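Undergrad: coordinates only, sequence not included:
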C-alpha cells in the first residue's frame, strides 16, 4: 500500500510539538527542584515519618498517604510541569500511531521510529513512578536525557516514512522489537535514579562537594526503591526480547547467535542487569555498589540504542540514516 504522506507529516508535527512541550515541562520542574524548598521539607518530613513507621511494622513508604506538598508557587509550577508531561506523552503517542497508520505497519522499523517509541516508554514509566513516589520535582533530570535523545532522533536520525527492508517484513518485528523498546525505555528510569542516588548517598555521608545539589534530592531509600522496582519490571521484558531476537535470527539468518555488534552489546547489558538483580537478591548488596552496576547497564543501553547502529556495521544496521 502507498505511504500516506499526510499522516506522516502530521506525525512529524506531533513529535516536534511533544518535544517542545517536554522542554517547557523540564524548565517548570527544574524551577520546582531549585526553589520549592517548602515542598521538599514537607516531603522529607513525611519520608522520615514513613521510615519510622516501616521500622515499627507499618506499611511501605509508597502506601502511606502523601503529605501536602503544593504549598508555594514553585510547587504549583512543578504541578503544571507534570501536567505538561502527560500532555506531551499523549501527543507523542499520537505521533507514533499516525506514523504506523501512514506506513501500514508497526511504527518501529528504523532508528527514528525506534527512538520515538523508546523515549515515549521512558516518559510513561516516569509518569507511573511520579504517581507511586513523591519525586515529581525530579522530572527535569529524567526529561533532560529524553529531550536530548528526541532532538538527536528528530535531526540526525530522522527518516522519511517508507516501507521496511524485506528482512524486517515479519511478525517478529512486532514481537521482538516491541519487547526491546519497552525494556530499553524503562531501563532509562533506573539509570537516572541510580545516578541521583550516588549524589544523595555521598551527601548523607557528609560529603559537602555536591551538598547544594544533593540536599534537594529525595532520601536515598526512595531513589533506591525506584531503581530496583523499575529494573525488576524491565528485565524480564528485555530478556524476552533477546530470546525472541535469537529465534528471529535463526529464521532469517540461519543461526540463533552470531556475535553481531548489537547482539553482543544487548547481551552485555543483560548480564549487567542480571548481576544487579542477583547481587541484591543473594549478596544483599545495597547502596552505591548496586547503583554503580545499574549505571553501567544504563550506559550499555544508551550505547546500544545509538552507537551500534550509527558507527558499527552489522546485520542490525538498518538505521535508515547514512
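TA: Okay, I see it. What you are looking at is a predicted structure, and each value in this text was computed from that prediction instead of being measured.
Undergrad: Quick one: find the helix or strand in this structure with the lowest mean pLDDT.
TA: One helix or strand of the chain scores below all others by mean pLDDT, DSSP states H and E: helix 37-55, with a mean of 56.
Undergrad: Buried residues, the helix or strand following it. List them.
TA: Note on helix 37-55: by DSSP states H and E, the next helix or strand toward the C-terminus is helix 73-103. Residues of helix 73-103 classed as buried by neighbour count (16 or more other C-beta atoms under 10 Å): 74-75, 77-82, 84-85, 87-89, 91-96, 98-100, 102-103. Backbone N, C-alpha and C define where each C-beta goes, glycine included.
Undergrad: what stretches of this structure score poorly on pLDDT?
TA: For the chain, the stretches flagged by pLDDT under 70 are 37-71, 166-168, 207, 252, 283, 309-322.
Undergrad: what separates residue 240 from residue 178, distance-wise?
TA: Going from residue 240 to residue 178 by C-beta to C-beta, to the nearest Å gives 10 Å.
Undergrad: Residue 87: what's its closest spatial neighbour, skipping adjacent residues?
TA: residue 21 (5.9 Å; C-beta to C-beta, 6 or more residues apart in numbering).
Undergrad: Would you mind measuring from that neighbour to residue 102?
TA: From residue 21 to residue 102 the distance is 22 Å (C-beta to C-beta).
Undergrad: Likewise for residue 233?
TA: As judged by C-beta to C-beta, residue 233 and residue 102 stand 31 Å apart.
Undergrad: Check residue 270 too.
TA: In terms of C-beta to C-beta, residue 270 sits 33 Å off from residue 102.
Undergrad: Kindly report the same for residue 228.
TA: Relative to residue 102, and taking C-beta to C-beta, residue 228 is found at 39 Å.
Undergrad: could you say what helices and strands the strand or helix carrying residue 248 packs with?
TA: Assigned by DSSP H and E, residue 248 falls within helix 220-253. Using 3 or more C-beta pairs under 8 Å, 6 or more residues apart in numbering; DSSP states H and E as the contact test, the elements touching helix 220-253 are helix 37-55, helix 111-132, helix 172-204, helix 261-278, helix 288-302.
Undergrad: any chance of those helices in a markdown table, plus distance to residue 6 and mean neighbour count?
TA: Below are these laid out as a markdown table (distance: least, C-beta to C-beta, whole Å; neighbours: other C-beta atoms under 10 Å):
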| stretch | distance to residue 6 | mean neighbour count |
| --- | --- | --- |
| helix 37-55 | 45 | 16 |
| helix 111-132 | 18 | 22 |
| helix 172-204 | 24 | 22 |
| helix 261-278 | 33 | 18 |
| helix 288-302 | 34 | 20 |
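Undergrad: Kindly reformat the ones you listed as TSV containing distance to residue 221.
TA: What follows is the helices and strands packed on helix 220-253, written out as TSV (distance: least, C-beta to C-beta, whole Å):
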stretch	distance to residue 221
helix 37-55	7
helix 111-132	14
helix 172-204	9
helix 261-278	17
helix 288-302	12
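Undergrad: closest one to residue 141 among those?
TA: helix 172-204 (5.7 Å; C-beta to C-beta).
Undergrad: Off-centre distance for the closest one?
TA: Helix 172-204 has its C-alpha centroid displaced from the chain centroid by 5 Å (C-alpha atoms, centre = their mean, to the nearest Å).
Undergrad: go on, stretch 203-218?
TA: With C-alpha atoms, centre = their mean as the basis, stretch 203-218 stands 24 Å off its chain's centre.
Undergrad: Now do the end-to-end distance for it.
TA: Start-to-end span of stretch 203-218 (C-alpha to C-alpha, to the nearest Å) is 11 Å.
Undergrad: Show me what counts as buried in that stretch.
TA: By neighbour count on 16+ other C-beta under 10 Å, the buried set for stretch 203-218 is 203, 214, 216, 217, 218.
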